[in-house]
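# Turn this into a model:
(one chain, ligands or ions: 1)
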Amino acid sequence: MTAIVASRNPLRSRFLWKLYAGLVVLVLLTASTIGMLVTRQFTDDALDAARRDLESKAILVADVLDAHHDDWSDPRLLKRVTEIGAKLRTRLTVMRRDGTVVADSEGDPATMDNHGDRPEVIAALENGVGRGTRRSETLGSDLLYVAVAVKKDGGVEGVVRTAVELGALESRLAELRTIIAASTVLAVAVALAIGFLVVRRITAPLIRMTAAAESLSSGDYGRRVPSSSKDEVGQLADSFNRMASQLENRVRTITNDRNKLAAILGGMVEGIVAVDREKRVIHMNAVAGGFLGVSPSLAVGKPGADIIRIDEISSILRQTIDDAREVKGELVLARHPRRSLILETLASPLRDGEGNLIGAVVVLHDVTELRHLEAVRRDFVANVSHELKTPITTIRGISETMFEDAEMPTKTRHRFVQKLQNQAIRLSDLVGDLLTLARLESGDGVLSSSLIDLREPVRYSVNAILGVVDEHGVRVETDIQKRPVMVLGDEQSLRQMISNLLDNAVKYTPKGGQVWLRLHANGNDAVIEVQDTGVGIDSVHHDRLFERFYRVDRARSRELGGTGLGLSIVKHVCLAHGGEVSVESEPGQGSTFRVRLPLATA
Ligand code: ADP
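Reported below is the predicted structural model:
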């Protein structure tokens, strides 16, 4: 397993930024709420402390006044209040029950108006203590006031009021708020920095997993994510890697199976075309493409009828899908460029794992050669029977006649016996040639293979024919090279080949004609030429001349005792020796048969 870290810039992750944005909002909300609450609490506490301080001072001053000053009209009271106010750093105001100011540490009581309407004074007269925050007309600034009732003999004598300027308190509070705000900003910055690292740590494996999943989906099944932690993210990474391995194995198995199947189908000699239920091509191997003249890669996915364009194949595929059964057939593709193709077709239904019909497959088997061989065999049997029939019928007729006519004159009997002998020779030649052909066609190992100087079989055949040429009134001339012409082969077959060519040249050359036999080496070939001045052969026959039982003029061949197998034997001997035979001839102009055999290499 290859652990490849999927490369992806984590800072580009939308998930990271979404998560972080949530964290930022949460941190800012929390910090601002806490900051506000703390600030308010500090403000409230500071005001409370200031009030309590003022109240204690007011109570203290009230006690002092109660103890030492029975007469509030005494001018020393004013002096005393001013001194205490200065010491306490607090404004002190002493007023009678009716609100008339008797003494004030920071103002002249004579100029001050009646304070009986002040809310803190009204509250002190009613409840013993009164508080308030107001702008002082006397001092022209915001003040915090606390008033305390001064009691004497069970009644209220007057009110002592303490006051401080809010300005000093406010500036202390402002300092405090600045410190709180700075600490909050610092805490937020630290929280956001730590939060970013945490968020990145959480999202990093997910980002890697996303990148790896994207690689998997695009076909790179080797991608894995490193799983370092044991938490849920680590477990997710492990599960992901297991899933990726399984997927890789499955894809590998499927790919291998598909490749094997493609190799099997591609290597088959049969053409294969598979279609789905809608008759669209789902597979076509190269052989089928060749038969049908289409490119398999272009055919896949297209409608079968458009691609195949052969009604028989389309119809058997349709029939197979409609009836869900095998359909066999045979068709001839006449339009094929080289020759007509004969194809055996077998269409079978295609089913899935549950047995549902999902399409059809047709196997196209090229039986052209088979059908051709069958035709050749049929022709051959017919030809052989025909060839045998004539001499056998003749022999039967003659023997019956001789049997029935016991009194037959000796001369006639001799003539009949002569005929019987001719037919027997004919039969013997026929059977001999057939056996030779069978031997040559049966393949390797039948012919011996030794070094032969071709001049030997050539001389042998010429000598053999010399006995009959006089009879025919034909002259035979030879032109044999002086040096040996060595080939690797079977002497007996080579003799027969040369004799057959010479026989034909003599047979098909009228009296007074001429036959030449030439032998020489030319390049890497040994060339044997048999030329005559005989009847010649029209070029229409040249291609078929070497077929078994093919004769240009049947009657003449039979009359001359030909079996129709001579040139066929020549061709097979040539092929068995790795050579070739050709003919040049025109009617009335004579013929030249030329055999080329590869020279034996030293
Ligand atoms: P056959 O026994 O009839 O001679 P071959 O196979 O030897 O059979 O020859 C096939 C046919 O080719 C012959 O029937 C004849 O018509 C023609 N043929 C062969 N050799 C010659 C030749 N030298 N000149 C003219 N025709 C020839």
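# State the distance from residue 23 to residue 236.
21 Å (C-beta to C-beta, to the nearest Å). (Glycine included, C-beta is placed from N, CA and C.)
# hang on, residue 348 in a strand?
Yes. The assignment for residue 348 is a strand, going by DSSP: H, G, I helix; E, B strand; the rest coil.
# so what's residue 549 up against?
Residue 549 makes contacts with 380, 383, 387, 564, 565, 568, as judged by C-beta atoms under 8 Å, 6 or more residues apart in numbering.
# same thing but at 7 Å, please
Residues in contact with residue 549 (C-beta atoms under 7 Å, 6 or more residues apart in numbering) are 383, 564, 565.
# do the same with residue 595
Here residue 595 is in contact with 528, 574, 579, 581 (C-beta under 7 Å, 6+ apart).
# next one: residue 477
Residues in contact with residue 477 (C-beta under 7 Å, 6+ apart) are 514, 516.
# same check, this time on residue 43
Taking C-beta under 7 Å, 6+ apart as the contact definition, residue 43 lies against residue 173.
# and the longest helix for the chain?
Counting residues, the longest helix found in the chain (DSSP state H) is helix 14-68.
# remind me which residues of the stretch 501-602 of the chain are low pLDDT?
602 (pLDDT under 70).
# cool, the chain as well?
The chain contains residues with pLDDT under 70 at 1-8, 10, 67-70, 335-338, 444-446, 602.
# got the residues of it near the ligand?
In this structure, the chain approaches the ligand at residues 500, 504-505, 508, 532, 534-535, 537, 545, 550-553, 557, 562-568, 591, judged by C-beta under 6 Å from any ligand atom.
# out of those, which are buried?
Those of these that meet the buried threshold are 500, 504-505, 508, 532, 534-535, 537, 545, 550-552, 557, 562-568, 591, by 16 or more other C-beta atoms under 10 Å.
# So residue 543, which state does it fall into?
coil.
# Would you mind measuring from it to residue 484?
For residue 543, the distance to residue 484 (C-beta to C-beta) stands at 34 Å.
# out of these two, which sits in the busier spot?
Using other C-beta atoms under 10 Å, the more surrounded residue of residue 543 and residue 484 is residue 484, with 14 against 10.
# packing partners for the one helix or strand residue 174 maps to?
Following DSSP states H and E, one finds residue 174 within helix 166-217. Helices and strands touching helix 166-217, as assessed by 3 or more C-beta pairs under 7 Å, 6 or more residues apart in numbering; DSSP states H and E, comprise helix 14-68, strand 142-152, helix 232-267.
# Export these to a markdown table and append columns for distance to residue 325.
Compiled in a markdown table, the helices and strands packed on helix 166-217 are given as follows (distance: least, C-beta to C-beta, whole Å):
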| stretch | distance to residue 325 |
| --- | --- |
| helix 14-68 | 57 |
| strand 142-152 | 107 |
| helix 232-267 | 23 |
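# Ranking by neighbours, what's the top pick from the contacts of residue 595?
Among the contacts of residue 595, residue 528 has the most neighbours (other C-beta under 10 Å), with 27 neighbours.
# Take the buried ones among the residues of the chain next to the ligand and keep only those in strands.
Counting by DSSP state E, the part of these found in strands is 532, 591.
# Check what contacts the helix or strand harbouring residue 364 and list those residues.
For residue 364, the element it lies in under DSSP H and E is strand 357-366. Contact with strand 357-366 is made by 270-277, 282, 288, 291, 313, 316-317, 320-321, 324, 341, 343-352, as judged by C-beta under 7 Å, 6+ apart.
# strand partners of that strand, parallel vs antiparallel please.
Strand 357-366 has the following sheet partners, assigned by DSSP bridges: strand 271-276 (antiparallel), strand 341-351 (antiparallel).
# circling back: would you mind getting the angle between the longest helix of the chain and strand 142-152?
In terms of direction (axes from the mean of the first three to the mean of the last three C-alpha atoms, to 10 degrees), helix 14-68 departs from strand 142-152 by 40 degrees.
# what packs against the helix or strand just after helix 14-68?
The helix or strand immediately downstream of helix 14-68 is helix 75-88, counting by DSSP H and E. Applying 3+ C-beta pairs under 7 Å, 6+ apart, one finds that helix 75-88 makes contact with strand 91-96, strand 101-104.
# With mean neighbour count as added columns, please give the ones you listed in TSV.
Compiled in TSV, the helices and strands packed on helix 75-88 are given as follows (neighbours: other C-beta atoms under 10 Å):
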stretch	mean neighbour count
strand 91-96	24
strand 101-104	23
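# can you put those in a markdown table and add distance to residue 118?
As requested, the helices and strands packed on helix 75-88 are arranged in a markdown table below (distance: least, C-beta to C-beta, whole Å):
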| stretch | distance to residue 118 |
| --- | --- |
| strand 91-96 | 9 |
| strand 101-104 | 10 |
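# What about the spatially closest residue to residue 38 that is not a sequence neighbour, how many residues nearby?
When the adjacent residues along the chain are set aside, residue 38 lies closest to residue 180, with 5.5 Å between them (C-beta to C-beta, 6 or more residues apart in numbering). Per other C-beta under 10 Å, the neighbour tally for residue 180 reads 16.
# Was I right to think residue 180 contacts residue 36?
No. Applying C-beta atoms under 7 Å, one finds residue 180 not in contact with residue 36, separated by 9.3 Å.
# Identify each buried residue in stretch 229-248, please.
So for stretch 229-248, counting by 16+ other C-beta under 10 Å, buried means 233, 236, 237, 240, 241, 244, 248.
# typo on my end, it should be stretch 33-53
By neighbour count on 16+ other C-beta under 10 Å, the buried set for stretch 33-53 is 35, 39, 42, 47, 50, 51, 53.
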